[in-house]
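**Q** here is a sequence together with a model predicted from it:
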Amino acid sequence: MKLVTYLYEGKEAAGVLSPDGACVYPAKGLGFECADMNGFIDLLAVRGLASLKEAVASGCDGEISLNQVTLLAPIPRPKQDMICLGINYMAHAEESARYKKEAFGGERPYAVYFSKRVGEAVRPGGHIDGHFDLVERLDYEAELAVVIGKDASHVEEADAAEYVLGYTIINDVSARQVQTRHKQWYFGKSLDGFTPMGPCIVTADEFEFPPRLSIQSKVNGELRQNSNTELLIFGIPHIIRELSQGITLKAGTIIATGTPAGVGMGFEPPRFLRSGDQVECIIEGIGSLKNTVK
């Protein structure tokens, strides 16, 4: 199933795409009374995905044609900062070290975690604010994001799949000189408009666990990143186990799992984004997320 947030007749709501993808089933029409996707996820944490599957199979009162709605980011306003992994593909670790003119020994004994503020995630087709009065080196990062489906505390790797609601696409837009200047990545990755997300959350039952999916990015149609999530250094079971030992991962938590090689800073010379560039992030089984820099 594909969970979406959409705008219809000036109102934002959560729902599910119909099996043929032609319509949106409002969550309320499926018996899930909620104000937004955060509320939808909270209900699913209690009632389970099976109940939603049954409701979708039975049909929906008040379905809306997809061409009558505007898809928003599936979780427009996350409850908490997004948890992100840095340099979690080996080839990206190499290009990152090269850009920073650091030695790279080829070993990553521990995961790198950081957080990203998301005031409002950018919808599919929306604009990335380049903040060019502040930013000189604007970069893109296609990432698979995990959405936690129920509160997770002290989870073992063997049980991690039980806590995953689904997956979506994140473009972890980054201001590279801001990121390096301040030594921590929070500011350089958290500017307004720096988190395109979507087009949907595909529920976890649609994939094997952990998912092994093609992940790509294109800039103005040119392929830049081209990898597979099976190459994550620290996989999803490890991430959930490690974080949940000391942090309760609440339902709706978003974890961005890192980006593969091919970002702008990885080229020689670097190829950063400019106003008017179109960035497309593509993940197998989830879809395409296109946004234009302004």
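**A** Structure's in. What do you need? Numbers count the residues shown, from 1 in each chain.

**Q** rest of the way, CA atoms for contacts and neighbours
**A** Fine.

**Q** ok, which stretches of the stretch 151-294 of the chain are strands?
**A** Assigned strands in the stretch 151-294 of the chain, in chain order: 164-171, 174-175, 197-203, 214-219, 222-228, 254-256, 278-283, 287-293 (criterion: DSSP state E, counting those that start in this stretch).

**Q** count of residues packed around the closest residue to Ile148 other than its chain neighbours?
**A** Spatially, and ignoring its direct neighbours in sequence, Ile148 is nearest to Val164 (4.7 Å; C-alpha to C-alpha, 6 or more residues apart in numbering). By the measure other C-alpha atoms under 10 Å, the count of residues near Val164 is 25.

**Q** can you offset everything so residue one is 56?
**A** Sure thing, new numbering starts at 56, so read that last one as Val219.

**Q** which stretches of the stretch 56-205 of the chain have low pLDDT?
**A** The model of the stretch 56-205 of the chain has pLDDT under 70 over residues 160.

**Q** would you map the helices across it?
**A** Counting by DSSP state H, counting those that start in this stretch, the stretch 56-205 of the chain has helices at residues 92-102, 104-113, 145-154.

**Q** for stretch 325-342, buried residues please.
**A** Phe327, Leu328, Arg329, Asp332, Gln333, Val334, Glu335, Cys336, Ile337, Ile338, Ile341 (16 or more other C-alpha atoms under 10 Å).

**Q** next, count neighbours for the nearest residue to the first one once chain neighbours are set aside.
**A** If you skip the residues right next to it in sequence, Phe327 has Gly319 as its closest partner in space, 5.0 Å away by C-alpha to C-alpha, 6+ apart. Residues contacting Gly319 under the criterion other C-alpha under 10 Å number 22.

**Q** same question for the one 3 residues further on.
**A** A total of 15 residues lie near Phe322 under the criterion other C-alpha under 10 Å.

**Q** before I go, just wanted to say thanks for your time.
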